[in-house]
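**Q** Got a sequence here, can you model it:
(2 chains)
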Amino acid sequence: GAVVSQHPSRVICKSGTSVKIECRSLDFQATTMFWYRQFPKKSLMLMATSNEGSKATYEQGVEKDKFLINHASLTLSTLTVTSAHPEDSSFYICSARDPMPGGGNEQFFGPGTRLTVL
Amino acid sequence: QQQVKQSPQSLIVQKGGISIINCAYENTAFDYFPWYQQFPGKGPALLIAIRPDVSEKKEGRFTISFNKSAKQFSLHIMDSQPGDSATYFCAASMVGTGTASKLTFGTGTRLQVTL
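**A** Below is the predicted model of the structure:
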């Protein structure tokens, strides 16, 4: 089946530092990846759509300069939280779309990254 | 226009019973409707999905019922088990590439299956 990995699974950092989260599709090539943020007991909030070889498309209200997204290859997208602050503490999850023949639209999610900013 | 409304917010079902979660959407351009299961501290896992050209899809104990005219779809979990206790999210999207395929999620249903 389609497997998406994320690294790291947990990260604790000091306020003002930058944190990079990696998202990899392990057994398929993903032209499109998505980054979500999830607060406790809440639904997933889409932050941005990451397209291989082009700029990410950010959702309204998401700061582009704070959440840098790079999709340099068909199997890797990265999210960098720049100058992190305690309010950036959250569960960050990526997903990758498996472009199946015939118009399939399945998205498979990574295991998530718990970010804690002190 | 982009919302997906999900109910109930929480659900308690006895072991062996049927769990039913409902979702309603507004955007008639949506044509892909997946359900995800999420355990605490984990990413969502794709359970089952349906396209609007069929009214029902069954995979094991999980069934999606789809009513295109009412713009509603539901997840039925037959013979619910304690291991099914999790949060379930419905979602909807258009089939396409890039941002067209982004998912709009419901608010989630916390299911607890008791012994």
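
**Q** Which of the helices or strands spans the closest residue to chain A within chain B?
**A** Ranked by CB to the nearest CB, the top residue of chain B for proximity to chain A is B:G43, at 3.9 Å. (Glycine included, C-beta is placed from N, CA and C.) Using DSSP states H and E, B:G43 is not contained in any helix or strand.

**Q** Hmm, it is touching A:G110, no?
**A** Yes. The criterion here is CB atoms under 8 Å, and B:G43 meets it with A:G110 at 5.2 Å.

**Q** What residues does chain B have near chain A?
**A** Residues of chain B found near chain A (CB under 8 Å from any CB of the partner chain) are B:32, B:34, B:36, B:41-46, B:49, B:89, B:93, B:95-99, B:101-103, B:105-108, B:110.

**Q** Dihedrals phi and psi, residue 109?
**A** You didn't say which chain, so I picked chain A. phi -100, psi 150 (degrees, to the nearest 10).

**Q** what's near enough to touch the closest residue to chain B within chain A?
**A** For chain A, the residue closest to chain B is A:F109, as judged by CB to the nearest CB, at 3.9 Å. A:F109 makes contact with A:V4, A:I93, A:C94, A:S95, B:Y36, B:G43, B:P44, B:A45, B:L46, according to CB atoms under 8 Å, 6 or more residues apart in numbering or on different chains.

**Q** Is there a quick ChimeraX command that grabs whichever of the residues you listed are buried?
**A** Of the contacts of A:F109, the buried ones can be selected in ChimeraX as follows, counting by 16 or more other CB atoms under 10 Å in any protein chain shown:
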select /A:4,93,94,95 /B:36,43,44,46
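
**Q** Closest one to B:E59 out of the contacts of A:F109, please.
**A** B:L46 (10.7 Å; CB to CB).

**Q** Helix or strand: which one has the closest residue to B:F73 other than its chain neighbours?
**A** What sits nearest to B:F73 in space, not counting adjacent residues and going by CB to CB, 6 or more residues apart in numbering or on different chains, is B:F66, at 4.5 Å. Following DSSP H and E, one finds B:F66 within strand B:62-67.

**Q** which secondary structure elements does that strand contact?
**A** If you count contacts as 3 or more CB pairs under 8 Å, 6 or more residues apart in numbering or on different chains; DSSP states H and E, strand B:62-67 packs onto strand B:33-38, strand B:45-50, strand B:56-59, strand B:72-77.

**Q** Between those, which one is closest to A:R24.
**A** Of all these, strand B:45-50 sits nearest to A:R24, with 17.2 Å by CB to CB.

**Q** just the CA coordinates of the closest one, formatted as CSV?
**A** C-alpha atoms of strand B:45-50 as CSV (Å, rounded to 0.1, in the frame of the first residue of the first chain):
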residue,chain,number,x,y,z
ALA,B,45,-5.6,6.5,7.8
LEU,B,46,-7.8,6.1,4.7
LEU,B,47,-10.7,3.7,5.4
ILE,B,48,-12.9,3.8,2.4
ALA,B,49,-13.9,6.2,-0.3
ILE,B,50,-16.7,6.7,-2.8
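
**Q** residues in contact with that strand?
**A** Residues outside strand B:45-50 that contact it (CB under 8 Å, 6+ apart) are A:105-109, B:32-38, B:56-57, B:59, B:62-64, B:66, B:73, B:75, B:88.
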